[in-house]
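K.L.:
sharing a model prediction with you, sequence too.
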Amino acid sequence: MTTQFQCRVHTERFDENYEPANSTRLTTNFANLARGENRKENLQNAIAMIDKRFNDLANWDNPTSDRYSVNLDIVSIDLDVEGKGKFFSALECLKTSVIDKKTGKTIDGIVGNSFSSFVRDYDFSVLLLDYNKDKPEFTVPEGYGDLHGKLFKHLLASPEYKAQFKKLPVICLSVATTRTYHKTTNVHPILGVEYEQNDYSLTDAYFAKMGLKVRYFMPPKSVAPYAFYFDENADLLNDYTNIELISTIATMEAFQKIYRPEIYNANSVAGQVYKPSLTSKDYSLTKVEYDRVERTQLAVKQGKYAEEHFIKPYKALLDAWLNEK
């Protein structure tokens, strides 16, 4: 079978005036903030948090801690399965770029950051829940994540992606509350102290099918480690510049402080052995408000949207493509 898949890449600036498109997943970090009556204040506060944290980490030749500002662009990668011009929003993420106000130059950043996918919503919030509905123990269906993983690799290998971006994504997420992390002696000047865990989470396994491996680091002045997912053939510590890494840390720390304050805005720092928890009471809130319950409900709705508009209509084509050798 010769695939007729067509890709389309487009970007939109994420700033205080951003309004989510109809095709955007509303649970995505950046889109979730841009809703409701406090949308503009939410966006302004989040962007200010990102800039402050960036300057805090990029502190060399930056005595007043205001040399840099971070621009964020939403990268949307759409897929046309039949090659007939009908595109489905396959992946979305953020691309950072850094403005050096001292030199006037714009420094390229990293693609990745707030990675999102309708198919991932389907897998986690529809398929997985349905599969385990009447089972006494939680299990994962055979081939779970295979389609999403192959789609991800296909889109990143496309000429359309390569024409716009020089490097593969780095995706930074919260660590899993179901796992325990152990502090190591390895310390990177930007990423910070490395943590390890030997029992990979469902998310770790899911991202492995996307061709991504994971390392866990707690950056300087952070209170908990993050999971950094990057290409299995890449070197996270040497393939990306300090500025690129700082742009990702600053962006994702702001979002995680907003969405996971129990972990990333906690009043105590992760210790030698760390097990993250969303039931902790010892944390502070940011000035940015969001509705966690609504966000969970939206994930289910978005998963069903993917099922109706992508999984079911193209099932035969997708199955045949997935089984190609």
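P.N.:
Nice, thanks for sending it over. Treat the numbers as computed from the prediction; the structure is a model and nothing was measured. Numbering: from 1, shown residues only.

K.L.:
quick one, helices of the chain?
P.N.:
For the chain, helices defined by DSSP state H occupy the ranges 29-33, 39-57, 118-122, 128-131, 146-156, 159-164, 202-208, 242-259, 261-264, 292-306, 315-322.

K.L.:
other SSEs contacting the longest one?
P.N.:
Contacting helix 39-57 under the criterion 3 or more CB pairs under 8 Å, 6 or more residues apart in numbering; DSSP states H and E are the following elements: helix 29-33, strand 68-80, helix 242-259. From N, CA and C alone the C-beta is placed, and that goes for glycine too.

K.L.:
CSV please, covering these and showing mean neighbour count, mean pLDDT and distance to Asp282.
P.N.:
Shown next, in CSV, are the helices and strands packed on helix 39-57 (neighbours: other CB atoms under 10 Å; pLDDT from 0 to 100; distance: least, CB to CB, whole Å):
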stretch, mean neighbour count, mean pLDDT, distance to Asp282
helix 29-33, 23, 60, 24
strand 68-80, 20, 94, 29
helix 242-259, 24, 94, 14
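
K.L.:
out of the ones you listed, which is closest to Arg13?
P.N.:
Closest of the helices and strands packed on helix 39-57 to Arg13 is strand 68-80, at 5.7 Å (criterion: CB to CB).

K.L.:
same for the closest one, what does it pack against?
P.N.:
With contacts taken as 3+ CB pairs under 8 Å, 6+ apart, strand 68-80 sits against strand 6-14, helix 39-57, strand 88-100, strand 105-116, helix 146-156, helix 242-259.

K.L.:
returning to what we had before: distance to Ser222 added to the helices and strands packed on helix 39-57, as a markdown table?
P.N.:
A markdown table is the format used below for the helices and strands packed on helix 39-57 (distance: least, CB to CB, whole Å):
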| stretch | distance to Ser222 |
| --- | --- |
| helix 29-33 | 17 |
| strand 68-80 | 17 |
| helix 242-259 | 6 |
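
K.L.:
pretty sure Phe310 contacts Ser117?
P.N.:
No. Phe310 sits out of contact with Ser117 when judged by CB atoms under 8 Å, with a separation of 10.6 Å.

K.L.:
between these two, which one's more packed in?
P.N.:
More crowded of Phe310 and Ser117, by other CB atoms under 10 Å: Ser117, with 24 against 21.

K.L.:
quick one: which of the helices of the chain is nearest Ile110?
P.N.:
helix 242-259 (4.8 Å).

K.L.:
just the CA coordinates of the closest one, formatted as PDB?
P.N.:
Output of helix 242-259 as PDB, limited to C-alpha atoms (Å, rounded to 0.1, in the frame of the first residue of the first chain):
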ATOM      1  CA  ASN A 242      21.700  26.200  27.100                       C
ATOM      2  CA  ILE A 243      19.400  28.900  25.700                       C
ATOM      3  CA  GLU A 244      17.200  26.200  24.000                       C
ATOM      4  CA  LEU A 245      17.000  24.200  27.200                       C
ATOM      5  CA  ILE A 246      16.300  27.200  29.300                       C
ATOM      6  CA  SER A 247      13.400  28.200  27.000                       C
ATOM      7  CA  THR A 248      11.800  24.800  27.500                       C
ATOM      8  CA  ILE A 249      12.300  24.800  31.300                       C
ATOM      9  CA  ALA A 250      10.900  28.400  31.700                       C
ATOM     10  CA  THR A 251       7.900  27.600  29.500                       C
ATOM     11  CA  MET A 252       7.000  24.300  31.000                       C
ATOM     12  CA  GLU A 253       7.700  25.300  34.600                       C
ATOM     13  CA  ALA A 254       5.200  28.100  34.300                       C
ATOM     14  CA  PHE A 255       2.500  25.800  32.900                       C
ATOM     15  CA  GLN A 256       3.200  23.100  35.500                       C
ATOM     16  CA  LYS A 257       3.100  25.600  38.400                       C
ATOM     17  CA  ILE A 258      -0.400  26.500  37.100                       C
ATOM     18  CA  TYR A 259      -1.700  23.000  36.400                       C
END
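
K.L.:
how far does that helix sit from the chain's center?
P.N.:
In terms of CA atoms, centre = their mean, to the nearest Å, the centre of helix 242-259 is set 11 Å apart from its chain centre.

K.L.:
angle of that helix against strand 6-14?
P.N.:
Orientation note: helix 242-259 sits at an angle of 80 degrees relative to strand 6-14 (axes from the mean of the first three to the mean of the last three CA atoms, to 10 degrees).
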